[in-house]
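Visitor: no sequence on this one, just coordinates:
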Ligand SMILES: Cc1cc2nc3c(=O)[nH]c(=O)nc-3n(C[C@H](O)[C@H](O)[C@H](O)COP(=O)(O)OP(=O)(O)OC[C@H]3O[C@@H](n4cnc5c(N)ncnc54)[C@H](O)[C@@H]3O)c2cc1C
Ligand SMILES: NC(=O)c1ccc[n+]([C@@H]2O[C@H](COP(=O)([O-])OP(=O)(O)OC[C@H]3O[C@@H](n4cnc5c(N)ncnc54)[C@H](O)[C@@H]3O)[C@@H](O)[C@H]2O)c1
């Protein structure tokens, strides 16, 4: 077996690993980037980009369906599944191509292919061919979709989001398990593209929402369009004919068996830390096996090992993987003189329709950190001018601020233009703005942001007329 020595070893060439590699190199360290699979990142190959391509096709179909309400009659709509999937794959391959070009530009001696695992705190074994001795490490190994064993045993018709983006055609039907972001984004898109879709949720959660009022509206809005089965678990999944027989059981114990072409398991992702030999590093780990680390430096304990991106399961989003990778790579290079990096205000967007956005502190978080000390303002988009004009007048925004200081803390919404409003509100949280200062900002007419102003005015009124209280927060039941 060959032995290589390097100053920094980065495990995983996804988004976190690539930014980590670049940061360590920029600090002048000899750095090795180790990847076990193909280059191209989860985001570009099977994540953010292909999912948004599929959603855009679904948006086009949906716009045609909504057109007659405006007096515009496009005629019979025909969805060519092969053409839809061809565009998804072709455009996806283009995005992947740009990432691979970036990796190609890294010097050959900085790249190594194979599965890395720790043999000691300073040594990795790569596949069965190389030993890597390094002073410092960045773990950026990403995550893998979860498929329970009993579902997986039903065969290849049980799939994950990874498989969808390799389809040549749209299937007849899909059962989706999970009402998280992936289940809702893909479930709604496939439904709008003419696939028979049923979404099963073992609880009643909707994407990342925790605010009970927004959640209620999101549940009913999604159920109006999609066959949503909340509080329903899958009790048996069996291969049958060219698909699957899926038996579900609702909260009242009623069981039914239905036939679907596929079961899409969208019940979360597991960080890739299990086959890394972390037991040989001496690092303290949590009950999921993830090393304990500092969220500002990404350093695991006081070691020379850093962890970034989906691998630490903190906030499994692209923007976080990029930030955390940069901080981890920089600190690996600087070790032992590590420094806190820039962690930004939380922002999460689900590209459902209506979109869902959460910015800053969530309602559930505030119930813990600010119980009785925060006020809530809100707006419904039902009669909001611009939203009605566009026929996108459904949804709600709830905004939160601290009593006394009037500082804006966060927001949760489902509604039109949430991807943009989410940014606006996250920037206000990070800038530590007060509600009054936000209301001093310009608002054009007629725009959806006027709805934000209505919510902020409501919030300002409540800050002025309500006060800190000791009552238990009746609203603060955790989201199911
Ligand atoms: C369907 C879907 C849609 C998404 N949409 C969005 C979105 O719209 N917006 C958003 O912000 N986020 C989205 N995400 C999440 C986002 O894609 C991830 O948070 C991000 O890609 C994680 O980057 P990463 O670098 O941590 O992991 P990855 O990009 O997965 O990189 C990890 C790499 O490590 C390699 N590796 C693992 N173990 C080893 C080992 N032992 N040795 C060597 N190499 C190893 C893997 O092969 C992989 O290449 C989506 C995810 C999915 C699945
Ligand atoms: N637009 C975006 O930013 C975007 C899009 C897609 C994915 N992502 C990222 O990918 C991550 C993974 O997405 P996800 O949707 O797979 O996970 P998730 O954690 O968002 O949702 C998982 C869902 O599955 C349910 N569930 C868990 N175990 C179950 C079981 N045994 N049976 C039935 N249901 C079960 C949960 O209650 C939840 O509703 C997200 O957390 C997000 O960070 C982001």
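Guide: Thanks, I have it. Values in this document were obtained by computation on a predicted structure and should not be read as measured data. Numbering: from 1, shown residues only. Ligands and ions are numbered 1, 2, ... in the order given.

Visitor: Close to ligand 1: what parts of the stretch 201-350 of the chain are there?
Guide: Counting by C-beta under 6 Å from any ligand atom, the stretch 201-350 of the chain comes close to ligand 1 at 272, 276, 309, 310, 311, 316, 317, 318, 319, 321. Heads up, the C-betas are built off the backbone N, CA and C, glycines and all.

Visitor: can you tell me which of those are up against ligand 2?
Guide: Contacts with ligand 2 within those, as defined by C-beta under 6 Å from any ligand atom: 316, 317.

Visitor: Of the residues of the stretch 201-350 of the chain next to ligand 1, which is the nearest to ligand 1?
Guide: The closest of those to ligand 1 turns out to be residue 309 (C-beta to the nearest ligand atom; 2.4 Å).

Visitor: Please parse the chain into its domains.
Guide: What the record gives for the chain is the domain set 2-144+270-334, 149-267, 347-468, from automatic domain parsing.

Visitor: As TSV, those domains with mean pLDDT would be great.
Guide: Below are the domains of the chain laid out as TSV (pLDDT from 0 to 100):
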stretch	mean pLDDT
domain 2-144+270-334	98
domain 149-267	98
domain 347-468	98
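
Visitor: so which of those gets nearest residue 341?
Guide: Proximity to residue 341, assessed across the domains of the chain by C-beta to C-beta, is greatest for domain 2-144+270-334 (3.1 Å).

Visitor: Can you spell out which helices and strands pack onto the helix or strand that residue 450 is a member of?
Guide: Using DSSP states H and E, residue 450 maps to helix 449-465. Applying 3 or more C-beta pairs under 8 Å, 6 or more residues apart in numbering; DSSP states H and E, we find helix 449-465 packed against strand 374-380, helix 385-389, strand 396-402, helix 418-430, helix 435-439.

Visitor: Mind listing the strands the third one pairs with, and their directions?
Guide: Take DSSP bridges as the rule and strand 396-402 pairs in its sheet with strand 374-380 (antiparallel), strand 408-415 (antiparallel).

Visitor: Report the distance from the last one to the chain centre.
Guide: Same thing as strand 408-415. Relative to its parent chain, strand 408-415 has a centroid offset of 17 Å by C-alpha atoms, centre = their mean, to the nearest Å.

Visitor: ok, now how distant is whatever residue of the chain ends up closest to ligand 2 from residue 203?
Guide: Proximity of the chain to ligand 2 (C-beta to the nearest ligand atom) peaks at residue 180, 1.8 Å away. Residue 180 is 10 Å from residue 203, where distance means C-beta to C-beta, to the nearest Å.

Visitor: Is the top helix by length along the chain in proximity to ligand 1?
Guide: The longest helix of the chain (DSSP state H) is helix 81-104. No: counting by C-beta under 6 Å from any ligand atom, ligand 1 is not contacted by helix 81-104; separation bottoms out at 9.5 Å.

Visitor: ok so, going back, based on its surroundings, how many neighbours for the residue of the chain closest to ligand 2?
Guide: 18 (other C-beta atoms under 10 Å).

Visitor: Hmm, residue 268 and it touching each other?
Guide: Yes: taking contacts as C-beta atoms under 8 Å, residue 180 lies within contact range of residue 268: 6.5 Å.
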